[in-house]
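# return atomic coordinates for the entry below.
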Amino acid sequence: MNPLTCSLRLVRTSPRLHTPSTYRNLASMASAHTIQITPENTGLWKISQDETAAKKASELLQQDLEKHHVYFNDDGFHNHISHHILSLYGTGASAEQLKKGYAENVSYQRPALKSHEKVVEELKDWETAKKRVGKEQYYPDFLAFFQSEIERLGWEKVLYEYMFKGDDRCEDMLIRMLAGFLHPLIQLMYGVEWKQPALVAMGLAQAAVHQDNLRKLLLAAENASESVSEPMPSIASLLKEVRSNEKLANSAQMKDGNKIRDGVLARAWDETIALTSRVKVKPEELDEKTAEMYHAAIYEGTLAAFHPGKQPKFDFFLMHHINVCPIFIAINSQDWIPIESKVRLLEWKIRMDLVQYAARACPPLSIDSLAHYVPKDKNLGPPNSQLPRLHALEDDGHAIKLFRAVGLGQTVCEKYNDRDWMLIKGDLWPRISHLVIDSVESGGPRWVRGAGDPSAWADMPDQTKTDADRVLDKLEQVCL
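Reported below is the predicted structural model:
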């Protein structure tokens, strides 16, 4: 039995999860300006929650919507509060734990900026709006604009009009959705998954103020793929090709300000397009290729967490490529989104996974390192047994998002256990869940940045003798 499924059954039987029916009637109150979470609305994990936690989640999310800016500093670091609260709530955290998570991250947020009525009105014309996209100062105006559009049309129709209709405006917004290490898409994910119009507006507004630096890459790879006739290789095999291509593997350097722009694309453009153009998904393959993408992101991110002599640490950037994966499950379930749009977004995500792997200096991916990993809690029980540790962790949201995404990935992928691309099977899944919490509890920097570069590990904590016994003796030879 899938340990996640088993553990969710345990959660459902918890006495604190029985909810009165009166609160359920408030679900219809969710709007473009009001966030309303109900006890039964816990996202893709589909557990039940209690009324107190649902009310607290709604209250905190509403405060974040009204009081905080999209970035918490002037360097474009993203506000993660809504992701954090819903990931905690969607894995069974109590109202007090939600309050604690919010309190740990509210002090450094920037206050919300005021919108300008004239600008909001001008955004109705795309030619005028194009002069303001990519500019942070217009976030409150884009937020107000998309809120008004959702009030007028509904959030599904607005997403169709601004992301999936297939015109130039949609293409521009789609490209920006993948900017900022996928943060606009992650923000949108929580709106779609929880069916919260206000969070959808936040995701669209966030995309609108991001740059379109990925335009040339995404469209060039897409155009080049039209002349590729052979079937798409497995994603795992494409990752191997990235690492075996000397020019690609060495394209990103620690000195680069932006490892994709200044490294991969600047030094290995032709190689990047040649490889990413081989990503081609047929409409009839959508479900399986989505699962394969999800699996490959977890495979890549998890195995990159191992380095000889060091405590395992997930790469900060590869981690985001796992955390965003649930939106593809949510999007695929929407029958109003054209399948061509679903396929296109999936292809773009796979291409970005490959490029990001090169940007992080192609860390070695050895399944043996995971197979021989002995968790801190040697009882390799169901992943949910580790949730108390996650809920108690002082976190900015990244760790609980990663844990949740891995658990959902297992349920998505396991029905394809007979496929050759399925390299994570059996007890490897709970090992990954344990690795997530072990890695963030092990002290030192929580994440490594550039896992394939030995210098990135310099400040990571060393393994103790006991820790060294947890991995395969030959890991050092594999990684060098």
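# following element in sequence after the longest helix along the chain, please.
The helix spanning the most residues in the chain, taking DSSP state H as the definition, is helix 339-359. Following helix 339-359 in sequence order, the next helix or strand is helix 367-371 (DSSP states H and E).
# now do the end-to-end distance for stretch 275-290.
Stretch 275-290 has an end-to-end distance of 19 Å (C-alpha to C-alpha, to the nearest Å).
# state the mean pLDDT of that stretch.
In this model, stretch 275-290 has an average pLDDT of 98.
# for stretch 156-170, same thing?
Stretch 156-170 comes out with an average pLDDT of 97.
# kindly check the end-to-end length of it for me.
Calculated as C-alpha to C-alpha, the first-to-last residue distance of stretch 156-170 is 14 Å.
# can you list contacts of it?
If you take C-beta atoms under 8 Å, 6 or more residues apart in numbering as the criterion, stretch 156-170 is touched by 126, 146, 149-150, 153, 173-174, 177, 192, 200, 204, 334, 336-338, 340-341. Where you see a C-beta, it was placed from the backbone N, CA and C, and this is true even at glycine.
# likewise for stretch 439-448?
If you take C-beta under 8 Å, 6+ apart as the criterion, stretch 439-448 is touched by 305, 307, 311-316, 319, 376, 389, 393, 395, 398-399, 456-457, 459-461.
# now the terminal residues of it, how far apart.
Length of stretch 439-448, first residue to last, C-alpha to C-alpha: 11 Å.
# in it, what counts as buried?
For stretch 439-448, burial by neighbour count (16 or more other C-beta atoms under 10 Å) applies to 439, 440, 442, 446, 447, 448.
# measure how buried residue 426 is and give me the count.
Neighbour count for residue 426, taken as other C-beta atoms under 10 Å: 10.
# the contacts of stretch 156-170 in helices, which ones?
Using DSSP H, the contacts of stretch 156-170 in helices are 126, 146, 149-150, 153, 173-174, 177, 192, 200, 204, 340-341.
# list only buried entries from the residues you listed.
Using 16+ other C-beta under 10 Å as the burial test, those include 146, 149, 150, 173, 174, 177, 192, 200, 204, 341 as buried.
# so which of the residues you listed comes closest to residue 431?
Residue 431 lies nearest to residue 192 out of these, by C-beta to C-beta, at 30.1 Å.
# residues touching the closest residue to that closest one other than its chain neighbours, list them.
Distance criterion C-beta to C-beta, 6 or more residues apart in numbering; nearest residue to residue 192, sequence neighbours excluded, is residue 330 at 4.7 Å. Going by C-beta under 8 Å, 6+ apart, residue 330 touches 44, 189, 192, 193.
# between the buried ones among the ones in helices among the contacts of stretch 156-170, which sits nearest residue 262?
Relative to residue 262, the closest of those is residue 177; by C-beta to C-beta it sits at 22.0 Å.
# that closest one contacts residue 184, correct?
Yes: the criterion here is C-beta atoms under 8 Å, and residue 177 meets it with residue 184 at 4.8 Å.
# overlap in contacts of the two?
Residues touching both residue 177 and residue 184 (C-beta under 8 Å, 6+ apart): 203, 207, 210.
# ranking those residues by neighbours, who comes first?
Counting neighbours by other C-beta under 10 Å, residue 207 comes out on top of the shared contacts of residue 177 and residue 184 with 28 neighbours.
# name the SS class of it, please.
Recorded secondary structure, residue 207: helix (DSSP: H, G, I helix; E, B strand; the rest coil).
# could you find the closest non-adjacent residue to it?
Excluding its sequence neighbours, the residue lying closest to residue 207 (C-beta to C-beta, 6+ apart) is residue 184, at 3.8 Å.
# over to residue 119?
Nearest non-adjacent residue to residue 119, counting by C-beta to C-beta, 6+ apart: residue 141, 4.3 Å away.
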